[in-house]
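**Q** Build me a model:
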Amino acid sequence: DHLNKRMQPKLNWFNVIIGNGDWEYEKTLNATVHRPVLFIEGTRDYIGIIGAGERQKQYIPDLKIVKVDTGHWVMEEKPEEVNREIDQWIKEVISNKFNSTKWNSSIPGGDLELRGDGAIRRKHPLGSTIEQTYAGVLSFLRRNYTRDLSNVDVAVTGIPLDLATTYRPGARFGPKGIREASAQVAKRKSYPEGIDIFADLAVVDYGDCWLDFGQPHTIPLAIEAHAREIIDQNVFLLSLGGDHYSTYPLLKAHVSRHGKPLSLIQFDAHCDTWP
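**A** Take a look at the predicted model:
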């Protein structure tokens with residue numbers, strides 16, 4: 001509690017790990033953490049996981065490791081030394097002595113100073129801006145509108161197609177409608193957890209796939225090529241439809257990238273995989 005009080009309100013953009021690390025955390029962490037992290041570990045850990053900080057460097061570019069002459073219970077054995085290290089490190093972070101630009105957008109004085117239109121004004125794919133739910137440039141969850149996928153984890157794109165609807169047309173307006181609805185929940189911090197997921201996860205809005213409705217025979221290849229632009233750069237693709245048919249060329253794009261067999265986990269009221 002004492003540590004949390006000293007770190008607020010900055011908890012959403014840096015972390016302190018005390019002890020020799022959570023082994024389950026280390027095993028399951030499979031994405032780069034784009035924020036500064038202080039890792040304090042004891043040099044005489046009888047549990048046998050000395051060096052956990054070094055092993056996590058591959059996931060955390062801005063990782064500072066401090067070794068304290070203790071066993072596993074670092075805070076309990078030398079609280080004063082640990083507190084001094086934390087205080088010094090907080091001062092370093094606030095004074096921006098770290099060189100990483102990936103987390104710079106979410107620190108005070110960065111893009112949080114922007115008011116509105118973060119989709120076109122935010123400088124980095126990480127971090128959040130202050131937005132009004134009823135105004136401003138729309139994008140999915142107010143993420144950057146860009147085709148630049150450098151240092152991007154997830155790209156969201158729209159497939160505005162409804163030439164294969166079973167009943168009424170209108171699914172072509174789906175991507176636009178989803179973006180409009182997402183503005184209602186594009187908060188800096190999720191409720192009730194109180195975290196900013198975009199401090200670590202770089203998500204952008206890639207815009208919509210261009211479809212020529214006057215030449216419907218070109219649409220399948222257009223969707224497949226559009227998806228390959230994203231997944232060929234090792235970026236996770238989140239697509240917004242669109243009618244049933246858009247599923248097929250998207251699956252083909254993933255097969256051409258990753259090969260067979262391809263597993264599909266589908267959340268739907270019914271199956272859209274019929275030919």
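
**Q** So for the lengthiest helix in the chain, what gets flagged as buried?
**A** Secondary structure of the chain per DSSP state H: the longest helix is helix 79-94. Buried residues in helix 79-94, defined by neighbour count with 16 or more other CB atoms under 10 Å: 81-82, 85-86, 89-90, 93. The C-beta positions use only the backbone N, C-alpha and C, and glycine is treated the same way.

**Q** what do you get for stretch 154-174?
**A** 154-162, 171-172, 174.

**Q** Mind listing residues that contact that stretch?
**A** Defining contact as CB atoms under 8 Å, 6 or more residues apart in numbering, one finds that stretch 154-174 is touched by 140-141, 143, 149, 175-176, 178-179, 201-209, 211, 213, 216, 219, 223, 226-227, 230, 235-246, 250.

**Q** Which of those residues fall within strands?
**A** 203-208, 236-241 (DSSP state E).

**Q** Once you drop chain neighbours, what's closest to the residue minimising distance to the centre of the chain?
**A** Computing the C-alpha centroid of the chain and ranking residues by CA atoms, centre = their mean puts residue 201 first, at 1.6 Å. Nearest residue to residue 201, sequence neighbours excluded (CB to CB, 6 or more residues apart in numbering): residue 153, at 5.3 Å.

**Q** I'd like the domain boundaries of this protein, if you could list them.
**A** Residue ranges for each domain of the chain read 2-94, 108-258, as given by automatic domain parsing.

**Q** Dump the ones you listed to a markdown table, plus distance to residue 266.
**A** Shown next, in a markdown table, are the domains of the chain (distance: least, CB to CB, whole Å):
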| stretch | distance to residue 266 |
| --- | --- |
| domain 2-94 | 23 |
| domain 108-258 | 9 |
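
**Q** For those, which has the smallest mean pLDDT value?
**A** Of all these, mean pLDDT reaches its minimum on domain 2-94 (a mean of 65).

**Q** who touches the nearest residue to residue 69 once chain neighbours are set aside in this structure?
**A** Spatially, and ignoring its direct neighbours in sequence, residue 69 is nearest to residue 43 (5.5 Å; CB to CB, 6+ apart). Residue 43 makes contact with 50, 67-70, according to CB under 8 Å, 6+ apart.

**Q** Now flag whichever of those is closest to residue 257.
**A** Distance to residue 257 across those (CB to CB) is lowest for residue 50, with 40.1 Å.

**Q** ok, residue 250 to residue 142 distance?
**A** 24 Å (CB to CB, to the nearest Å).

**Q** the more surrounded of those two?
**A** Set side by side, residue 250 and residue 142 show more neighbours around residue 142, with 28 against 22, by other CB atoms under 10 Å.

**Q** Count the neighbours of the residue lying closest to residue 185 once chain neighbours are set aside for me.
**A** Distances taken as CB to CB, 6+ apart put residue 141 closest to residue 185, at 7.3 Å, once the chain neighbours are dropped. If you count neighbours by other CB under 10 Å, residue 141 ends up with 20.

**Q** Am I right that residue 141 is in contact with residue 182?
**A** Yes. Counting by CB atoms under 8 Å, residue 141 does reach residue 182; the two are 4.8 Å apart.

**Q** picking up where we left off before, give me the distance between the residue nearest to residue 69 and residue 37.
**A** Distance from residue 43 to residue 37, counting by CB to CB: 19 Å.

**Q** ok, now residue 257?
**A** Residue 257 is 32 Å from residue 37, by CB to CB.

**Q** need the contact list for the nearest residue to residue 205 once chain neighbours are set aside.
**A** Closest residue to residue 205 apart from its sequence neighbours, by CB to CB, 6+ apart: residue 139 at 3.9 Å. Residues in contact with residue 139 (CB under 8 Å, 6+ apart) are 119, 145, 179, 205.

**Q** Could I get the full set of helices for the stretch 51-200 of the chain?
**A** Along the stretch 51-200 of the chain, the segments classed as helices by DSSP state H, counting those that start in this stretch run 52-55, 74-77, 79-94, 118-121, 174-182.
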